[in-house]
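**Q** just the structure for this:
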Amino acid sequence: DTIVVHAIEAYDETSEVGDFLSDIDLDAGSGTNRLVVSNVGANGPDDVTVTDQRIESLFHHGINYHASNSGSFGNGIEFVGSDWNETVRVAATLRGAKTTINTSGGNDTIRVASSSIDAESNLDGIRGALVVNGGSGVSTIEVVDAGDAPSSRDIVLESAIVGASDAIQISGLAGPRNEVAIRVIDGVAHTLRIATSDSPLSSEKFAVRDTIPGQTILQDGQGDATYTIDATAGALHIAGGAGDELIQVTPSTQEWSNMHGALSIDGGSGQDRLLVADQSHGELTFYELTANGLSHGPAGTGAIAFDDSLEELELHGGNVANTLAVQAEPAVSEVSVWQGSGTNALVGPLTGADWHIVGEDVVRVGERVLVNDVGIVASGGAENRFYVESTGALTGSLLGSPAGHDVLDYSLYSGGVMVNLQNHTATAVANFNYIDEFIGTGGVSNFVGANVDAVWTITGVNQGEIVTNGAADDWIFSQFPNVTGGSSDDRFFVEPSGQVSVLSGGNGTDEINYAYFSNAVAVNLQTGMATNVGNLSSIENATGGAGDDLIIGNNAGNELRGLAGNDILVGAGGGDTLIGSLGRDILIGGDGVDAIEGNQGSDLLIGGSTNYDNDTKSLNAIRTIWTDSTTTYAQRVAALKSLASAPLNRNTVFSDNDVDQLFGGSDSDWFWTDDFDAVADLAAGEQVR
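**A** Below is the predicted model:
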């Protein structure tokens, strides 16, 4: 039989259970029967309870039903609600019968539970199959098994068909007897909440193979739980409890794009871990990690949101080139990413970050984000510091921000390192660009300049700065005892506090300059000796400071400048330019065609060479007499001619047989020249030879 209560015609809009003035007792008798209870025509909201023997309401009389004489309700039991907002609680279903709840319109709540209180609810009364249809409104379907006994269950959510409708089938819950399934008809505006055993002794496994298009909430209790999420049609929220949760996203298909709805996670108080597998994704992919979320590039792929209740996050990216943008360090305690075998990029936050290269193509961003399989490291902006640790190496490129200030820091590296601005390579870094500052390790660390004209300033011990064509091409370095210029022209200024072990000019015409010094400095381009420089090489020109300097050139064409002070400049071989500037200077051209300028002060100018060109003691003895302010010009000349330790005469001063240009300046100068040398300003009273 088919029994319809109450209707003139089944599902007629006038149907209302409340029209009855007393309880109804139905005995369907023998046969395979069907019961339909229609409340379509209700004139207000209702609160309905369904059991395996009775359907009752807060406002209307109940309906008791059974089937005697070995009969059954094998053709189903149906409750059809109205367009009002209804609450329907299904406490039990009849064994051998399919119970269907359809609330029609309205924003309804359908609760499958033995009680209205979660902690007291179980599904022990669900003995027959159950189908729930929330209708066309914004409905909430709750399946609550929280009060059941401790158990270890495999709970499955998967797609199903009910009649012509798509549905989600829920199976494996502890409560339902005979392992009957609960099916929920898809609803875009519906929320499905499933709450499982709240016992700390429970250990549950959820296999999510599909969800309703609306929102699904999975709520485990105090026990441990594992969630395996292979696909979703709508939003999924996991509400963890006090136990440990493991949440696995697409571990079977390894295709995150099967997640069409967003995933949000509240891990609860246990140790909770999220694993996202996307290795099978075969397209260029953009992943974005924020303070509270992880997203995936292809349109339609659900993002993942979390909070600081999650302890671990693990992402396995696709094996085609992908980009991971770390926009912020997440609240998660530990994040591990494997980008896959493609040519991958790691992009940092706009606000800058501290980066640590800790393994081969393994980079830690901030304190908690560890990324493997990195091909290119690119700052997002602002200021970044890239640490290279002893175990670290980057086989791809490291890119700073063109607009920010970025530092390549080897302070955590053991052993000497090399930075080369000519080819943009560095120890353990295959290639870099847009790096503004470099920190070495001391020891035997080497810094090589770019192939552009540059001005270097050695500002401290093993540290300095380089200026080229503007701010975009400027660099700062520290902890590099050994510095080398590029192939163009370099000028190396040494400050009084500056010091390096090795300074090499490289190719080009290069200069060492002590203009910042007020004390005397000494430079010998032949021996490689220089003040505050352990070893000097490949330098063509030198400039002193304000003190009494001693500068000796080499066999190249040198330009030597004394600046202020009573300086000694020795050109040695090659065609040299010697400029004394202020003070009483001694200028010795050496071999080659030289240009010698004494300028201000009473100067001693020698076009050729002397016995003392590399004899510092003798040169200083000559300077002592020449700079004696208590003697006259004539007395100084006479004293030097007769100086016992270093006399100046034809036996100690030699011609270079080249045509030299000599200019003494406005004061009384002493010239040692050949007849073919040119003296530009020989004045009366000045000595020649």
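**Q** roughly how far out does stretch 617-633 sit from the chain middle?
**A** 65 Å (Cα atoms, centre = their mean, to the nearest Å).
**Q** may I see the buried residues of it?
**A** For stretch 617-633, a neighbour-count test (16 or more other Cβ atoms under 10 Å) marks Ser618, Leu619, Ala621, Ile622, Arg623, Ile625, Trp626, Thr627, Tyr633 as buried. For the C-beta atoms, the positions are set from N, CA and C on the backbone; glycine is no exception.
**Q** helix, strand, or coil at the fifth one?
**A** The reference is to Arg623. Three-state call for Arg623 (DSSP: H, G, I helix; E, B strand; the rest coil): helix.
**Q** and it, what is it in contact with?
**A** Asp548, Asn566, Ile568, Ile586 (Cβ atoms under 8 Å, 6 or more residues apart in numbering).
**Q** the last one and Ser602 touch, don't they?
**A** No. Applying Cβ atoms under 8 Å, one finds Ile586 not in contact with Ser602, separated by 10.7 Å.
**Q** joint contacts of the two?
**A** Trp626.
**Q** which one of the two is surrounded by more residues?
**A** Neighbours were counted for Ile586 and for Ser602 using other Cβ atoms under 10 Å; Ile586 has more, 27 against 21.
**Q** and that one, what are its bridge partners?
**A** When bridges are called by DSSP bridges, Ile586 pairs up with Ile568, Leu604.
**Q** Leu123 - how many residues pack around it?
**A** Leu123, neighbours per other Cβ under 10 Å, totals 28.
**Q** quick one: what helix or strand has it in it?
**A** Assigned by DSSP states H and E, Leu123 belongs to no helix or strand.
**Q** for it, give me its contacts.
**A** Val112, Ala113, Ser114, Val143, Val144, Asp145, Asp148, Leu173, Ala174, Gly175, Pro176.
**Q** what's the burial count for the second one?
**A** Looking back up the chat, that one is Ala113. So Ala113, with other Cβ under 10 Å, has 24 neighbours.
**Q** contacting residues around it?
**A** For Ala113, the contacting residues are Arg89, Val90, Ala91, Ser121, Asn122, Leu123, Glu142, Val143, Val144, Asp145, by Cβ under 8 Å, 6+ apart.
**Q** try it again at 10 Å.
**A** Taking Cβ atoms under 10 Å, 6 or more residues apart in numbering, we find Ala113 in contact with 89-91, 120-123, 125-126, 142-147, 175, 195.
**Q** and if you look at the fifth one?
**A** Taking Cβ under 10 Å, 6+ apart as the criterion, Val144 is in contact with 89, 111-123, 173, 175, 193-196, 198, 219.
**Q** confidence-wise, which of the contacts of Leu123 comes last?
**A** On pLDDT alone, Gly175 ranks lowest of the contacts of Leu123, at 74.
**Q** which phi and psi does it have?
**A** The phi and psi values for Gly175, taken as degrees, to the nearest 10, are phi -70, psi -50.
**Q** low pLDDT regions in the stretch 51-200 of the chain?
**A** 58-59, 152, 178 (pLDDT under 70).
**Q** quick one, strands of it?
**A** Here the stretch 51-200 of the chain has its strands, by DSSP state E, counting those that start in this stretch, at 54-57, 63-66, 77-80, 86-90, 99-102, 109-112, 130-133, 140-144, 152-162, 165-171, 182-185, 191-195.
**Q** could you tell me how many residues sit around the closest residue in space to Gln463 that isn't next to it in sequence?
**A** Of all residues not flanking Gln463 in the chain, Ser478 sits nearest, at 3.6 Å (Cβ to Cβ, 6 or more residues apart in numbering). Here the count is done by other Cβ under 10 Å, and Ser478 has 21 residues near it.
**Q** where does the chain dip in pLDDT?
**A** Those would be 7-20, 58-59, 152, 178, 298-299, 470-472, if you go by pLDDT under 70 across the chain.
**Q** how close does the residue nearest the centre of it sit to Leu324?
**A** Nearest residue to the geometric centre of the chain (Cα atoms, centre = their mean): Gly348, 3.4 Å. To Leu324, Gly348 is 10 Å away according to Cβ to Cβ, to the nearest Å.
**Q** give the residues shared as contacts by the two.
**A** With Cβ under 10 Å, 6+ apart as the test, Gly348 and Leu324 both reach Val363, Val365, Val369.
**Q** list the beta-bridge partners for the residue nearest to the second one when sequence neighbours are not counted.
**A** Nearest in space to Val365, with sequence neighbours left out and distances taken as Cβ to Cβ, 6+ apart, is Val326 at 4.8 Å. For Val326, the beta-bridge partners under DSSP bridges are Leu289.
**Q** what about Val326, how many neighbours?
**A** 24.
**Q** number of nearby residues for Glu245?
**A** Glu245: 28 neighbours (other Cβ under 10 Å).
**Q** how about the contacts made by the nearest residue to it once chain neighbours are set aside?
**A** Nearest non-adjacent residue to Glu245, counting by Cβ to Cβ, 6+ apart: Asp272, 4.3 Å away. By Cβ under 10 Å, 6+ apart, Asp272 lies in contact with 225, 238, 240, 243-247, 265-266, 306, 309-313, 332-333.
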